[in-house]
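>>> sequence below, structure please.
(chains A, B and C)
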Amino acid sequence: MFGEVRAVDDLSVAIPEGAIGLVGPNGAGKTTFLRLLLGLVRPTTGTAKVLGHDIAEGVPVRERIGYMPEHDCLIPDMTGVGLVTFMGRVSGLDADTAISRAHDVLQFVGVEEERYRKIAEYSTGMKQKIKLAQAMVHDPQLYIFDEPTTGLDPRGRTEMLDLVRVIANSPGRNVVLSSHLLPDVETICKYIVILDGGHQIAAGELRQLLSGSADRLRIDVRGDREAFAQRLRETGLEAEATPTGVHVARKPGVEGVIFGIAKALGAEVRYMGREIRSLEEFFLELVERNEAAVSV
Amino acid sequence: MSISLPTYTRREMPLLGRRHRLRAIIVTGLRREFKRPAVIVSTLLGVALIVIISTAILLFAGLFLPGQALDLSFFFVPASNQTVLFFITLMASLVGSALIADDLNSMALTLYLSRPITHADYLVAKAAILAPLISLIAVLPLVLTPFVAALLGLFSWTIALQAIGLAVLLGSLFTAFYTSVTLLLSSLTHRKSYAAAGIFAVTFGLTIPAEILSISINNPALLYASPWEDYLAVARAAFGAPGGQIDWPWALVILLAATLVAASLTYLRMKAVEVVAG
Amino acid sequence: MTAVAEAAGVSKWYGEVLGLNAFTASFGTGITGLVGPNGAGKSTLFKLLIGQLHANQGTLRLFGENPWNNVPLMRRLGYCPEHNQLYGWLTGQRFVEALLRLDGMSTKKASTAATAALKVVGLSGAAHRPTRTYSRGMRQRAKLAQALAHDPDVLILDEPLSGADPMARVQILRTISEFAKDGGHVIMSTHVLYEVERITQNIVLIHNGKAIASGDIHAIRALIDEHPHAVRIETSHPRQLAQALARMDHVVSLEVPSEDTLLIRTRKPDAFYKELPGIVADTRLDVRALESPDDSLEAVFRYLVG
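This next block holds a predicted model:
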């Protein structure tokens, strides 16, 4: 507990292997949760185990964790390879292994000759890569990424997310990705934990949580959407036109009907597929419901 | 950008223990400091000046110090040389002020603490970077002087060895005090210049007013407030030199207490820093 | 309809360092997204638009006027800078008020305008807390409030969503959309491409100080010939469908990556989509799903910038 506000209250989370997204509004307890994972803070009540070690032990847990913080945290007058090597040694690698791993991970993240220059001269993208490299150098079992794409331009974002994805998909490694950019979380994580007000308000496999209605189709129609929906209704199907497209109940043969109507109306069908809710929609709905329940 | 991780499956890499991790921090830190011209110059200058002055006093003892017996109490003189105070302060502010302040400024502290080390480890490592550098001024010259004196045959080896031993003890005490206080000041701010100013304030801001006031209002007890006077009192007692207006037991207690309190406060301060930002 | 902002051959150098290099683009009405890699010249362009910098070459017009030294024009724009340092000790309300009064508004009007603006961005509850207690999302909204409060004609926003949590994002995007719906114009820069796509189809793509594309995302995509448009169709008879579609002359390639998927690449996506319903309806082949994975801003960016 922190003063009067319970930062994390009765949080029961079982996090499976693989890539997990950690999502929640500001003040939801994500930061405290990460601090707990890192063993930097002791729970007021309750226990937690990470990778088989009680977090109260702190040090053994951190041996197995690689943390990529959101904020600036690099030592400006060290070189890239110098910092990564140093952090490897502080994690317990001997000098030779540390420097060898440092060069390996710098290669992996895509830092070439810049590794010999001082960090003070690096661009934002390169700094983020060094942050990732220092989290990887001691080959931890659990990676914690806190907003890994902050400040990166679109190309940098794609590169960074690709790196995170490779790490998440490699065997024996687990990833916790904490981010406000829900579509990013969606593409990388299979499992999601949603926090709000210090509680876990939802957790589960992403595909299951977002399955929405498997029995509806969304069609992106170019042309008169209303007329399209109307024609669908005329054939006895439930349909409605919304800003995201035309939604229709899935029945056998509905696809054929759709194209028939498109041909008749001279409209184009640019997308037809499952009505998948986005994580963003799911999240916003859930948080609203939760806040309403709390204030009642 | 290659797309395969350096190791496909995790191999359990044996991690070395705390000693190695701290050693890495200490060695890296010392190496960085010794690359700085300012540090090299002040060290050389400080050691050289103190040794030269002390040797001069030694050789011309008759001239400079009429009536001073050539026994153990003689070695109080080089130990009480104000150059020592000045260069200790200089070294503490050059090296020590940035030790923690820079990590707070760049938030590199987050990286350190996400490693398998504790707050205490971090502080011990930082202290182990600063203390040797300060003791180059506080201990080394005062050890060299009796050594040189014995070599020149001016003093017997018995006395010289005693003096060396005392120099080590006293120097370490003073080093501990300054290390502790400097780290505390460095941990309180993001700007190393503030910390440096603070160190000068502790040294001269306490010493000079204490000395002046104790004379003008004739209250020697004020001298307890000056770390330098406390050190002198203990040194005086150790070397058997006469004089002194304050009692050495209290002076010793004050120095030790200040060292411990500063260290504890630094630890508490470091624990309070938010390392995972919200 | 005159463009909101017009740049013609604008160049700006900082010594040797490139800012903008013969930048020519036109920003239309409504919302325009400004997208580009770091260092491409976005901040330079903004600083020129708000009159903080003077171009070395070329002409830049905002609402037909030169922004340099143009105080009345400044009144018509609201600017949201990228950095997040607000005056921490001021409350949200006081912060917006202070900036309005700098603008020349009377104290009373500033107070009302500030309250209204903070309400629009959803910060009424926190308006009386000091801004240093604000989260990133709240700071972004406070900046947006001060940009809106004096009722400008155009909003110039530099990374308005960075660091904001999902709720704040939704609120900010909604505020921007409403502003545009009410007749305002917006030029907004961001690195997160799918955010732009949610509120507008108009972009200007900037790279190395030049505008390399501007206009509707899909129109731009359609023009990128070297990268034929890919469309993935889920069907139980991919090869028959492939045969039917091969008749279209703009189809570049047809692949059957799995037994129920057909991947088509076409040079003329518009023509393709127009003809597709006809072909599907006539052949009566069962098409279960249809999507185009690269008809997005992300793809445009990748193809043009790399």
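
>>> can you give me the distance of residue A:105 to residue C:158?
Residue A:105 sits 33 Å away from residue C:158, going by CB to CB, to the nearest Å. Where you see a C-beta, it was placed from the backbone N, CA and C, and this is true even at glycine.

>>> SS state for the residue positioned nearest the centre of chain C?
Among the residues of chain C, the one closest to the centroid is residue C:33, at 1.9 Å (CA atoms, centre = their mean). Judged by DSSP: H, G, I helix; E, B strand; the rest coil, the three-state class of residue C:33 is strand.

>>> partners of it in the sheet?
residue C:188, residue C:203 (DSSP bridges).

>>> now do the contacts for it.
Residue C:33 makes contact with C:188, C:189, C:190, C:196, C:200, C:202, C:203, C:204, C:297 under the criterion CB atoms under 8 Å, 6 or more residues apart in numbering or on different chains.

>>> okay if I get those residues as a markdown table plus neighbour count and pLDDT?
Below are the contacts of residue C:33 laid out as a markdown table (neighbours: other CB atoms under 10 Å in any protein chain shown; pLDDT from 0 to 100):
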| residue | neighbour count | pLDDT |
| --- | --- | --- |
| C:188 | 25 | 94 |
| C:189 | 24 | 93 |
| C:190 | 20 | 89 |
| C:196 | 24 | 85 |
| C:200 | 18 | 88 |
| C:202 | 20 | 90 |
| C:203 | 25 | 91 |
| C:204 | 25 | 92 |
| C:297 | 22 | 81 |
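
>>> okay, residue 4: pLDDT?
Using chain A here. Residue A:4 is assigned a predicted lDDT (pLDDT) of 26.

>>> chain C is the one I meant
pLDDT for residue C:4: 90.

>>> assess the claim that it and residue C:49 are in contact.
No - counting by CB atoms under 8 Å, residue C:4 stays clear of residue C:49, with 9.9 Å between them.

>>> from residue A:146, how far off is the closest residue to chain B within the stretch 151-296 of chain A?
The stretch 151-296 of chain A approaches chain B most closely through residue A:172 (4.1 Å), counting by CB to the nearest CB. Counting by CB to CB, the gap from residue A:172 to residue A:146 is 22 Å.

>>> before we move on, the earlier item: right, and the residue of the stretch 151-296 of chain A closest to chain B touches residue A:143 too?
No - applying CB under 8 Å as the test, residue A:172 and residue A:143 come out as separate, 11.5 Å apart.

>>> tell me which of the two has more neighbours.
Neighbour comparison, residue A:172 and residue A:143: the larger count goes to residue A:143, with 22 against 12 (by other CB atoms under 10 Å in any protein chain shown).

>>> what's near enough to touch residue B:97?
Listed by CB under 8 Å, 6+ apart, the contact set of residue B:97 reads B:182, B:185, B:186, B:192, B:193, B:195, B:196, B:198, B:199.

>>> counting neighbours, which of the residues you listed end up buried?
Neighbour counting by 16 or more other CB atoms under 10 Å in any protein chain shown classes B:182, B:185, B:186, B:192, B:195, B:196, B:198, B:199 among the contacts of residue B:97 as buried.

>>> which strands or helices does the helix or strand in which residue A:285 is found pack on?
Element membership of residue A:285 [criterion: DSSP states H and E] is helix A:279-295. The helices and strands touching helix A:279-295, judged by 3 or more CB pairs under 8 Å, 6 or more residues apart in numbering or on different chains; DSSP states H and E, are strand A:19-23, helix A:182-188, strand A:191-196, strand A:199-205, helix C:166-181.

>>> overlap of the contact sets of residue C:4 and residue C:49?
Residues touching both residue C:4 and residue C:49 (CB under 8 Å, 6+ apart): C:62, C:187.

>>> just to revisit the earlier point, name the stretch among the helices and strands packed on helix A:279-295 that sits most buried.
Each of these was assessed for mean neighbour count using mean count of other CB atoms under 10 Å in any protein chain shown. The highest is strand A:19-23, with a mean of 25.

>>> name the next helix or strand downstream of that one, please.
Next helix or strand after strand A:19-23 toward the C-terminus (DSSP H and E): helix A:30-37.

>>> so that following helix, near chain C or not?
No - judged by CB under 8 Å from any CB of the partner chain, helix A:30-37 stays clear of chain C, getting no closer than 9.7 Å.

>>> centre of the chain to that helix, how far?
15 Å (CA atoms, centre = their mean, to the nearest Å).

>>> which helices and strands sit right next to it?
The contact analysis (3+ CB pairs under 8 Å, 6+ apart) places helix A:30-37 against strand A:19-23, strand A:142-146, strand A:174-178.

>>> the residue of chain C found nearest chain B and chain A: what is the separation?
Here chain C gets closest to chain B at one residue, residue C:135, 7.6 Å apart by CB to the nearest CB. Residue C:135 sits 4 Å away from chain A, going by CB to the nearest CB, to the nearest Å.

>>> can you pull the poorly scored residue ranges out of chain C?
Where chain C drops to pLDDT under 70, the residues are C:1, C:225.

>>> select, out of the helices and strands packed on helix A:30-37, the one closest to residue B:140.
Nearest to residue B:140, of all the helices and strands packed on helix A:30-37, is strand A:142-146, at 45.4 Å by CB to CB.

>>> what lines up beside that closest one in the sheet?
Strand A:142-146 has the following strand partners under DSSP bridges: strand A:65-68 (parallel), strand A:174-178 (parallel).

>>> which SSE is immediately downstream of the first one?
Following strand A:65-68 in sequence order, the next helix or strand is helix A:80-90 (DSSP H and E).

>>> got the buried residues for the helix or strand just after that following helix?
Going down the chain from helix A:80-90, the next helix or strand is helix A:95-109, by DSSP H and E. Residues A:97, A:98, A:99, A:101, A:102, A:103, A:104, A:105, A:106, A:108, A:109 are the ones in helix A:95-109 that count as buried (16+ other CB under 10 Å).

>>> with only the CA atoms kept, save helix A:95-109 in PDB.
This file holds the C-alpha atoms of helix A:95-109, laid out as PDB (Å, rounded to 0.1, in the frame of the first residue of the first chain):
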ATOM      1  CA  ALA A  95      34.600  -9.900 -18.700                       C
ATOM      2  CA  ASP A  96      35.200 -12.000 -21.800                       C
ATOM      3  CA  THR A  97      31.700 -13.400 -22.100                       C
ATOM      4  CA  ALA A  98      30.300  -9.900 -21.500                       C
ATOM      5  CA  ILE A  99      32.100  -8.300 -24.300                       C
ATOM      6  CA  SER A 100      31.400 -11.200 -26.700                       C
ATOM      7  CA  ARG A 101      27.700 -11.200 -25.800                       C
ATOM      8  CA  ALA A 102      27.600  -7.400 -26.100                       C
ATOM      9  CA  HIS A 103      28.800  -7.500 -29.700                       C
ATOM     10  CA  ASP A 104      26.400 -10.300 -30.500                       C
ATOM     11  CA  VAL A 105      23.400  -8.500 -29.200                       C
ATOM     12  CA  LEU A 106      24.400  -5.200 -30.800                       C
ATOM     13  CA  GLN A 107      24.600  -7.000 -34.100                       C
ATOM     14  CA  PHE A 108      21.100  -8.400 -33.400                       C
ATOM     15  CA  VAL A 109      19.500  -5.100 -32.700                       C
END
